[in-house]
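Trainee: With the input below, show me the fold.
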Amino acid sequence: MALAALGFPADALAAGGIKLSSPRPFSFDRLVGLAKSLSSRPFVADSSLPADVLQRIDYEEHGKIKYDPNDALFRDGPGAFPVTFFHLGRFFQTPVHMYVTESASGDGFAREILYDSALFSMPPESPARQLKDGAGFAGFRLQESRNGDQQKLPWQTNDWVAFLGASYFRAIGELYQYGLSARGIALDAAVPEKPEEFPNFTRFYFEPPAPDSNAVTVHALLEGPSITGAFKFVMQRTKAVLMDIEARLFLRKDVARLGLVPLTSMFWYGETTKPTAIDWRPEVHDSDGLAIWNGSGERIWRPLNNPSQTRASAFSDNKPRGFGLLQRDRNFDHYQDGVYYEKRPSLWVEPIGDWGEGSVQLIEIPTDDEIHDNILACWVPKAPATAGSSYNLKYRLHWTDQEPYPSPLARCIATRIGRGGQPGTQRPQGVRKFMVEFIGQPLVALPFGVKPELVLTASRGKFSYIFSEAVPNGVPGHWRAQFDFTPEGNEPVDMRLYLKNGDQTLSETWLYQLQPG
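Mentor: All right, here's what the predicted structure looks like:
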């Protein structure tokens with residue numbers, strides 16, 4: 001069925017490529033109604049595909065299967081961004097059904113884009129050839145603009161958004177590099193004796209863009225044993241990537257930790273606590289800290305840890321202004337790796353409307369390799385998440401280089417830890433020396449001879465040898481706070497620091513969780 005029958009230009013689909021089903025009524029309101037209706041019924045996992053065939057499409061076999069860009073949705077328009085699809089396999093076994101709507105408003109009818117192995121290039125002996133037509137896909141990509149510079153950035157081989165696996169999705173930032181991911185939902189992450197649940201996006205609906213539009217609108221259905229939901233994504237390819245998201249969620253079951261707007265990243269080690277000779281590279285991480293702009297206006301920076309055991313931290317708030325997992329360190333020499341960790345995007349969550357009371361929660365999980373995502377940041381409402389509860393959430397995701405709304409205060413750029421005590425003396429056991437670096441205009445503007453004052457607190461333990469000094473590198477406004485800390489007991493210690501001059505706050509607030517020992 002050609003898109004001309006739906007009122008689209010006749011060349012909107014590759015000729016003889018994509019095949020469409022018969023039309024079905026569709027609107028976002030209908031999708032919300034479906035999600036709400038499904039939430040009142042028991043969850044039934046899709047078992048329509050042959051599990052033995054999917055198991056044989058392992059990592060190696062999956063890598064040999066490529067979607068043919070000649071058959072991309074919207075290859076010749078409307079809009080600037082063609083859409084290609086991922087194939088199912090061992091690691092992506094839930095069939096995801098793709099639809100295209102008949103109008104740019106999304107109201108009216110939609111037709112399913114039917115899976116056909118002919119849409120993919122694959123070896124003649126590939127087990128994927130045993131899947132039947134209409135099996136579904138694993139996810140999709142938004143390709144770069146077909147109207148852009150095809151010599152520098154050919155759309156056929158470059159994409160800027162990818163949805164693949166459970167409710168995961170990611171985008172490149174201003175530096176043209178993928179890194180951390182977002183999710184539709186996180187359920188019971190790091191809850192003792194309760195496994196984490198990973199609901200799936202099971203349907204996507206693509207609206208045909210307006211010819212001059214820089215945005216792509218996609219609707220999605222979320223399904224899992226404990227939740228259902230309807231999402232609307234309006235994604236814009238600008239200098240960065242912006243996503244305006246509306247989520248309507250319905251709980252089937254009680255949830256101990258309801259993680260809304262979850263961000264998922266990797267932190268193996270950084271300059272703070274790199275184990276001796278663990279790896280040849282100085283640092284390995286997709287993100288190096290959690291930034292929060294809370295409802296009272298305070299700016300917070302919490303460096304990430306790779307703890308010895310799973311840790312959960314909660315930062316209580318009311319009407320948050322934003323939070324994100326950031327990659328602040330942009331110096332290649334600090335990574336020395338051709339996979340471009342210094343270019344990984346920062347991801348900032350901007351709430352739209354009043355989110356009420358709750359907390360930004362940070363989950364840090366031990367890892368011994370860069371292949372594992374071990375960091376989760378999300379918003380958890382204060383009210384219990386009980387069966388029958390519903391949520392209407394709006395927010396904007398900024399996939400950028402740095403924070404989209406930078407603070408006028410000096411920001412933290414490094415946390416370094418060593419043995420406490422003074423050079424040339426017997427170093428005391430268990431005492432840690434901290435060097436926390438800040439840079440920013442308020443420190444540039446300090447009068448000559450004036451040093452910032454450290455404001456320090458800790459949940460337990462004692463501070464000593466406290467002072468500040470300009471970093472001796474000639475960079476204006478680059479200062480470091482130095483202090484020794486003696487912990488008490490073996491439990492993690494929460495520490496807090498900011499710089500001031502008289503009544504003037506000079507820096508954001510540095511938070512750190514120290515594990516004694």
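
Trainee: When you work out contacts or count neighbours from here on, use the C-alpha atoms and nothing else.
Mentor: OK.

Trainee: Now do the strands in the stretch 401-517 of the chain.
Mentor: 411-419, 432-439, 453-458, 462-470, 478-486, 493-501, 504-505, 509-514 (DSSP state E, counting those that start in this stretch).

Trainee: Neighbouring strands - and their directions - for the second one?
Mentor: Pointing back at strand 432-439 there. strand 411-419 (antiparallel), strand 478-486 (antiparallel) (DSSP bridges).

Trainee: and if you look at the last one?
Mentor: Partner strands and pairing direction for strand 509-514 (DSSP bridges) are strand 299-303 (parallel), strand 493-501 (antiparallel).

Trainee: so where's the chain shaky on pLDDT?
Mentor: Scanning the chain for pLDDT under 70 picks out the ranges 1-16, 104-106.

Trainee: cutoff 90 now
Mentor: The model of the chain has pLDDT under 90 over residues 1-17, 102-107, 210-214, 273-276, 421-430, 516-517.

Trainee: the helices in it, which residues?
Mentor: If DSSP state H is used as the criterion, the helices of the chain fall at 28-39, 51-56, 59-63, 441-444.

Trainee: Quick one: closest of those helices to R203.
Mentor: Shortest distance between R203 and the helices of the chain, using C-alpha to C-alpha, is found for helix 28-39: 10.0 Å.

Trainee: what helices or strands is the closest one leaning on?
Mentor: Packed against helix 28-39 by the contact rule (3 or more C-alpha pairs under 8 Å, 6 or more residues apart in numbering; DSSP states H and E) you find strand 215-224, strand 227-237, strand 241-251.

Trainee: Which strand residues bridge the closest residue to R480 other than its chain neighbours?
Mentor: Setting aside the residues directly before and after it, R480 is nearest to E437 in space (C-alpha to C-alpha, 6 or more residues apart in numbering), at 4.2 Å. Per DSSP bridges, residues listed as beta-bridge partners of E437: A414, R480.

Trainee: Please name the residues that touch E437.
Mentor: Residues near E437 by C-alpha atoms under 8 Å, 6 or more residues apart in numbering: C412, I413, A414, T415, H478, W479, R480, A481.

Trainee: Pick out whichever of the residues you listed sits closest to P366.
Mentor: P366 has its nearest neighbour among the contacts of E437 in T415, at 19.4 Å by C-alpha to C-alpha.

Trainee: before we move on, the earlier item: can you add mean neighbour count and give the helices and strands packed on helix 28-39 back as a markdown table?
Mentor: Shown next, in a markdown table, are these (neighbours: other C-alpha atoms under 10 Å):
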| stretch | mean neighbour count |
| --- | --- |
| strand 215-224 | 23 |
| strand 227-237 | 23 |
| strand 241-251 | 22 |
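
Trainee: Test my guess that L497 contacts P452.
Mentor: No: using C-alpha atoms under 8 Å, L497 makes no contact with P452, being 11.9 Å away.

Trainee: Of the two, which one has the most company?
Mentor: The residue with more neighbours, out of L497 and P452, is P452; 24 against 19, by other C-alpha atoms under 10 Å.

Trainee: The more buried one and L499 touch, don't they?
Mentor: Yes: judged on C-alpha under 8 Å, P452 makes contact with L499 at a distance of 5.8 Å.

Trainee: any residues in contact with both of the two?
Mentor: With C-alpha under 8 Å, 6+ apart, P452 and L499 have common neighbours L506.

Trainee: Now for the nearest residue to V53 once chain neighbours are set aside: which residues touch it?
Mentor: Leaving out its chain neighbours, the residue that sits closest to V53 by C-alpha to C-alpha, 6+ apart is P127, at 6.1 Å. P127 sits next to V53, L54, R56, I57 when contact means C-alpha under 8 Å, 6+ apart.

Trainee: returning to what we had before: highest average neighbour count across the strands paired with strand 432-439?
Mentor: Comparing the strands paired with strand 432-439 on average neighbours per residue, with mean count of other C-alpha atoms under 10 Å, the densest one is strand 478-486 at a mean of 22.
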